[in-house]
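K.L.:
Quick check, what structure comes out for this input:
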Amino acid sequence: MSKLKLAILFVPLALFIGLAAFLLRGLFSDPTELNSALIGKPVPAFQLPNIYHPEQRFDQSLLKGKPVLLNVWATWCPTCRAEHEFLNQLADQGVNIIGLNYKDDSRAKAVDWLNTLGDPYQQTLFDEKGSVAIDFGVYGAPETFIIDAQGIVRYRHVGDVNARNWQQTLAPIYYGLEAQ
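P.N.:
Purely as a prediction, here's the structure:
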């Protein structure tokens, strides 16, 4: 058999094995652990309005001075609603949380959400078009970033913040940064 005929036989087999390995790896990956290009880097520059007072604008300096959770949320997100009560508990315990309202078509709807469910945020930014969230690499809501006192992104959590992942992962990082 010629080399060309052997290559024709083995190329499809090699492609199949490669595809199978790629798909098998995906079965065992954790979808809540998305790598972020921002880990270890400063937060992106931005300027957004306060959700309650649109004339009041904030920039990235809001995320400096002390460790902070930047929580990306939206009223259209059912998982955001599920995590909201726990975020209120964290705020009551003194955890510094900044909200980034992501792609809500109505500021009034977002304000009503906070007035109804409680407002765990020290400040809430209104990112109507989602452009700042995109700069952070957000895929969807909810996502939470832990940012240190110098404004450096230290961790990215995809999905809801709940008692389990707070105790196991997020709290040790957050309180470790607070202790520095």
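K.L.:
Nearest to the middle of the chain, which residue? Look it up for me.
P.N.:
The centre of the chain sits closest to Glu143, judged by Cα atoms, centre = their mean, with a distance of 2.5 Å.
K.L.:
any idea how far the closest residue in space to that residue that isn't next to it in sequence is from Lys109?
P.N.:
Across the structure, with Cβ to Cβ, 6 or more residues apart in numbering as the measure, the residue nearest Glu143 apart from its sequence neighbours is Val72 (4.6 Å). Backbone N, C-alpha and C define where each C-beta goes, glycine included. Using Cβ to Cβ, to the nearest Å, Val72 is found at 16 Å from Lys109.
K.L.:
These two - which one has more neighbours?
P.N.:
A count of neighbours by other Cβ atoms under 10 Å puts Val72 above the other of Val72 and Lys109, at 26 against 13.
K.L.:
Identify the residues contacting whatever helix or strand that one lives in?
P.N.:
Using DSSP states H and E, Val72 sits in strand 68-73. When contacts are taken as Cβ atoms under 8 Å, 6 or more residues apart in numbering, the neighbours of strand 68-73 outside the stretch itself are 43, 63, 80, 83-84, 87, 90, 95-102, 120-122, 133, 136, 138, 141-147, 161, 170, 174.
K.L.:
Now with 6 Å, please.
P.N.:
Residues from elsewhere that reach strand 68-73 (Cβ atoms under 6 Å, 6 or more residues apart in numbering): 80, 96-100, 102, 133, 138, 141-145, 147.
K.L.:
Name the nearest of those relative to Trp113.
P.N.:
Using Cβ to Cβ, Cys80 comes nearest to Trp113 of the contacts of strand 68-73, at 8.8 Å.
K.L.:
gap between the nearest residue to that closest one once chain neighbours are set aside and Trp166?
P.N.:
In this structure, Cys80 finds its nearest non-sequential neighbour in Trp73, 4.1 Å apart by Cβ to Cβ, 6+ apart. Relative to Trp166, Trp73 is positioned 16 Å away (Cβ to Cβ).
K.L.:
All good on my end, thank you.
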